[in-house]
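Student: Sequence and predicted model, in that order:
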Amino acid sequence: MSGSYLQRGQRCCLICGMQHSHSPGSIVDRDSEPLCSKCDSPLWSCSDGSIETEDIAHQRETVVVALEKCRAALDRVWQHSHAEYLRLIVGGGRIGDAVQAELHYLQSQGTILDYRQENRGAVLIRVRN
């Protein structure tokens, strides 16, 4: 995965720059994220507008393994970056179909904000505003 990651256990508020030592939760727990103690901005749902990319389908993954990689990539982007989007390279076929179904479910649960198919082999997922 590309991009610069924050140190484990550290989070910098994008609004005021204050350093925090909150441990990040999973993306599924986004509704209980902590706020900056200086400016009251959310620490995990603010974005810098960047896109992280991860290929989950071109190392001979099964559908089950690809879905596990999808969930892990979502958590990693949520916990260790300020990226607004995660681009998943899913290829065509069964993995792409399974990821689309999983993303539909995650959006209905409020875990992700939105997603769209970029092309036949890639999905762009919005994880932050």
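Tutor: Structure received. In this text the structure is predicted, and so the values were computed from the model without any measurement.
Student: got the contact list for residue 113?
Tutor: 107, 126, 127, 128, 129 (CB atoms under 8 Å, 6 or more residues apart in numbering). From N, CA and C alone the C-beta is placed, and that goes for glycine too.
Student: In helices, which of the residues you listed appear?
Tutor: Using DSSP state H, the members of the contacts of residue 113 that fall in helices are residue 107.
Student: Let me have the contacts of residue 113 in a markdown table, extended by pLDDT and distance to residue 48.
Tutor: Converted to a markdown table, the contacts of residue 113 look like this (pLDDT from 0 to 100; distance: CB to CB, whole Å):
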| residue | pLDDT | distance to residue 48 |
| --- | --- | --- |
| 107 | 97 | 22 |
| 126 | 98 | 14 |
| 127 | 96 | 12 |
| 128 | 94 | 9 |
| 129 | 88 | 11 |
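Student: want to throw the contacts of residue 113 into JSON lines with distance to residue 100 and neighbour count?
Tutor: Below are those laid out as JSON lines (distance: CB to CB, whole Å; neighbours: other CB atoms under 10 Å):
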{"residue": "107", "distance to residue 100": "11", "neighbour count": "15"}
{"residue": "126", "distance to residue 100": "15", "neighbour count": "17"}
{"residue": "127", "distance to residue 100": "16", "neighbour count": "25"}
{"residue": "128", "distance to residue 100": "21", "neighbour count": "24"}
{"residue": "129", "distance to residue 100": "23", "neighbour count": "9"}
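Student: mind giving me a markdown table with the contacts of residue 113 and columns for distance to residue 99?
Tutor: A markdown table is the format used below for the contacts of residue 113 (distance: CB to CB, whole Å):
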| residue | distance to residue 99 |
| --- | --- |
| 107 | 12 |
| 126 | 15 |
| 127 | 15 |
| 128 | 19 |
| 129 | 23 |
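Student: Against residue 78, how distant is residue 54?
Tutor: As for residue 54, its distance to residue 78 is 13 Å (criterion: CB to CB, to the nearest Å).
Student: neighbour-wise, which of the two wins?
Tutor: residue 78 (24 against 19; other CB atoms under 10 Å).
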